[in-house]
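**Student:** Sequence and predicted model, in that order:
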2 protein chains.
Amino acid sequence: MTNRLEDLLSTLQAAATLEDLQAVLESLRDHYKVEHTVYHWVNSVGERYGAGTYSAEWVDRYLEKDYLRMDPVIFVCFQRFTPVSWKELDWSSKAAREMWQDALDHGLGNQGYTIPIRGPNGQFALFTLNASLSDEDWAQFIDDNARDLMILGHEFNKKALEFEQWGEDGTTPALSPRELASMSCLARGMSRAQAAAELNISEHTLRVYIESSRHKLGAMNTTHAVARALSTGIIII
Amino acid sequence: MTNRLEDLLSTLQAAATLEDLQAVLESLRDHYKVEHTVYHWVNSVGERYGAGTYSAEWVDRYLEKDYLRMDPVIFVCFQRFTPVSWKELDWSSKAAREMWQDALDHGLGNQGYTIPIRGPNGQFALFTLNASLSDEDWAQFIDDNARDLMILGHEFNKKALEFEQWGEDGTTPALSPRELASMSCLARGMSRAQAAAELNISEHTLRVYIESSRHKLGAMNTTHAVARALSTGIIII
DNA sequence: CGCGACCTCGCTATTTATGGGGAGTTTTAT
DNA sequence: ATAAAACTCCCCATAAATAGCGAGGTCGCG
């Protein structure tokens, strides 16, 4: 088993193009004898990259119906970081049930396992296996392979990042300590007056920091600046 | 080697108290023959939990001097998600160099390897090994153990989360679709007028969503609401 | 069927944030 | 050593956000 993992990782390491990654996913599917293997990035604007063995019809359908916004897998993975088996999720809402049925109609198996992966600058990706198995067999499968899958998912993400250079286009701007502190105060809910008091500076000085932060972050307004500072990871709440 | 990993993981699984986790870290240190092993949560307010083999003096010193705010390890790990070897980092700033010397004076080794771990609701933790080795030996050590360490780090974090129930105290409030859309627009830098146009609703209606989001999220103002929505993962940029 | 939650719209007054100037000291880096 | 960046403070006018009031239609769940 471990040797197989090493083989797969070697293939992954050797991948030099996005097509190679696609091939890796296909060999993963064959190796694990599952229906589908998928890796994709997620953000609220839309996917920047995705690869996998889903049919083109299902991918188009998924995007067309805007399933991204109601998919319980996506929603839960955003908030957890532990992998989820699909059957654990809440499929009670009407929209979710419809989507589930639609997925089955498009060739997906009844079992799924998705590993959320969080990267730099707010990058977020999912690594998914989909199969047709009984609940018991699937649980056993996950039990046997969870660790290998986690490693594969993370290595895959590392490789995908190398190609796509997420967020590397505009290197995250560096804010000065006071600017970061200002952003942090605002992110925690303080008004300008409160933040200025917290930092022991005049409200006007605080404003200067907010302005300079805004410009450095390329933000339209304060809320946008704080949002960018948070999602690039230069501040946290 | 793999058997050792299994043993360590078994011990980890069996941990029932925070003291047990401390013991696990100590046995990890002994097993890997390093100077220190550390696990801790990080947020801008301060640590909620930390365990490890650093001396109490160094921990106190670290907190007292507010090294958290200048530590290159912390800073880089926030933005990357791949593990970092300390020597790779930028220690050129004066503050960083002083901190580094201070660390050596407090019994830390000259080599370090830190694995950033990102959890639900914006949880962020670090799993660190510190040792005294030559650059070559350390590189070899990392090469040999990187995967095991990643698994250990993630399993450790899972266990720590079970105990501390990060963010579980106030279950993340659910926002309605329109509320989420409103938050998302604001996070992407739109003004109220722009967001209202984007959503094809009156500016007043948008305001109602912002208000209700604010109340649900327990936020003081719009910026705070967006910050919370982002850091709990219910929206993304 | 009714209740609650969601979606939609309007008005007024007050508070707060933003954008544009300018100007001095201290710290850091080359 | 000298330049660049960071930190600090002030004024004024305008744009935007907040707080408070109210009202009606739709949808799903029990």
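**Tutor:** Yes, it's here.

**Student:** part of a strand, is A:Ile117?
**Tutor:** Yes: inclusion of A:Ile117 in a strand is indicated when DSSP: H, G, I helix; E, B strand; the rest coil is applied.

**Student:** Next one: it, what pLDDT does it get?
**Tutor:** A:Ile117 carries a pLDDT score of 86 in this model.

**Student:** Specify the residue ranges that define each domain of chain A.
**Tutor:** A:2-164, A:177-231 (automatic domain parsing).

**Student:** Kindly reformat these as CSV and extend each row with mean neighbour count and distance to DNA strand C.
**Tutor:** For glycine as for every other residue, the C-beta is placed from the backbone atoms N, C-alpha and C. Shown next, in CSV, are the domains of chain A (neighbours: other C-beta atoms under 10 Å in any protein chain shown; distance: least, C-beta to the nearest atom of the strand, whole Å):
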stretch, mean neighbour count, distance to DNA strand C
domain A:2-164, 17, 11
domain A:177-231, 20, 3
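
**Student:** could you dump these to TSV with distance to B:Arg48?
**Tutor:** As requested, these are exported to TSV (distance: least, C-beta to C-beta, whole Å):
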stretch	distance to B:Arg48
domain A:2-164	17
domain A:177-231	15
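
**Student:** B:Asn157: which of these is closest?
**Tutor:** Closest to B:Asn157 of the domains of chain A, according to C-beta to C-beta: domain A:2-164, at 8.3 Å.

**Student:** sorry, back to before: lowest mean pLDDT across the domains of chain A, which one is that?
**Tutor:** Looking at the domains of chain A, the weakest mean confidence is domain A:2-164, a mean of 87.

**Student:** does DNA strand D sit close to it?
**Tutor:** Yes: contact between domain A:2-164 and DNA strand D is present through A:93-94 (criterion: C-beta under 7 Å from any atom of the strand).

**Student:** how near is the nearest residue to A:Pro173 once chain neighbours are set aside to A:Ala225?
**Tutor:** Closest residue to A:Pro173 apart from its sequence neighbours, by C-beta to C-beta, 6 or more residues apart in numbering or on different chains: A:Lys216 at 4.3 Å. A:Lys216 is 9 Å from A:Ala225, where distance means C-beta to C-beta, to the nearest Å.

**Student:** A:Ile151 against B:Asp148, yeah?
**Tutor:** No: assessed by C-beta atoms under 8 Å, A:Ile151 is found out of contact with B:Asp148, at 9.8 Å.

**Student:** quick one: contacts for the most far-flung residue of chain A relative to its centre?
**Tutor:** Here chain A reaches farthest from its C-alpha mean at A:Ser202, the gap being 39.9 Å by C-alpha atoms, centre = their mean. The contact partners of A:Ser202, taken as C-beta atoms under 8 Å, 6 or more residues apart in numbering or on different chains, are A:Ala196.

**Student:** Quick check: A:Asn110 touching A:Leu104?
**Tutor:** Yes: applying C-beta under 8 Å, one finds A:Asn110 in contact with A:Leu104, separated by 6.9 Å.

**Student:** list the residues that contact both of the two?
**Tutor:** In contact with both A:Asn110 and A:Leu104: no residue, using C-beta under 8 Å, 6+ apart.

**Student:** got any residues that touch both of A:Lys216 and A:Ala225?
**Tutor:** Common neighbours of A:Lys216 and A:Ala225 (C-beta under 8 Å, 6+ apart) do not exist.

**Student:** returning to that earlier point: which ones are touching the residue nearest to A:Pro173?
**Tutor:** Counting by C-beta under 8 Å, 6+ apart, A:Lys216 makes contact with A:173-175, A:179.

**Student:** switch the cut-off to 10 Å
**Tutor:** Going by C-beta atoms under 10 Å, 6 or more residues apart in numbering or on different chains, A:Lys216 touches A:172-176, A:179, A:225, A:228-229.

**Student:** Turn these into a markdown table, columns for secondary structure.
**Tutor:** Below are these laid out as a markdown table (three-state DSSP):
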| residue | secondary structure |
| --- | --- |
| A:Thr172 | coil |
| A:Pro173 | coil |
| A:Ala174 | coil |
| A:Leu175 | coil |
| A:Ser176 | coil |
| A:Glu179 | helix |
| A:Ala225 | helix |
| A:Arg228 | helix |
| A:Ala229 | helix |
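
**Student:** near DNA strand D, which of those residues show up?
**Tutor:** Okay, of the contacts of A:Lys216 touching DNA strand D (C-beta under 7 Å from any atom of the strand), that's A:174, A:176, A:179.

**Student:** So which residues of chain A form helices?
**Tutor:** Counting by DSSP state H, one finds helices in chain A at the ranges A:2-14, A:18-32, A:56-64, A:72-79, A:94-105, A:135-164, A:177-187, A:192-199, A:203-217, A:222-231.

**Student:** of all these, which lies closest to B:Phe81?
**Tutor:** helix A:135-164 (8.2 Å).

**Student:** any residue of the closest one up close to chain B?
**Tutor:** Yes: Helix A:135-164 is in contact with chain B by C-beta under 10 Å from any C-beta of the partner chain, via A:146-148, A:150-151, A:154-155, A:157-158, A:161.

**Student:** For A:Ser176, list the residues it contacts.
**Tutor:** Contact analysis of A:Ser176 by C-beta under 10 Å, 6+ apart lists A:182, A:209, A:212-213, A:216.

**Student:** quick one: A:Lys216 and DNA strand D, what's the gap?
**Tutor:** Distance, A:Lys216 to DNA strand D, using C-beta to the nearest atom of the strand, to the nearest Å: 8 Å.

**Student:** Kindly format the C-alpha coordinates of stretch A:104-118 as CSV.
**Tutor:** C-alpha atoms of stretch A:104-118 as CSV (Å, rounded to 0.1, in the frame of the first residue of the first chain):
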residue,chain,number,x,y,z
LEU,A,104,-26.7,10.8,-9.7
ASP,A,105,-28.3,11.3,-13.0
HIS,A,106,-25.0,12.6,-14.4
GLY,A,107,-23.0,9.6,-13.5
LEU,A,108,-21.8,10.4,-10.0
GLY,A,109,-21.6,7.6,-7.5
ASN,A,110,-23.6,7.6,-4.2
GLN,A,111,-20.6,8.1,-2.0
GLY,A,112,-18.1,10.9,-1.8
TYR,A,113,-15.2,12.0,0.3
THR,A,114,-13.9,15.6,0.1
ILE,A,115,-10.8,17.0,1.6
PRO,A,116,-10.7,20.8,2.0
ILE,A,117,-7.3,22.3,1.5
ARG,A,118,-6.5,25.8,2.6
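
**Student:** I am finished for the moment; much appreciated.
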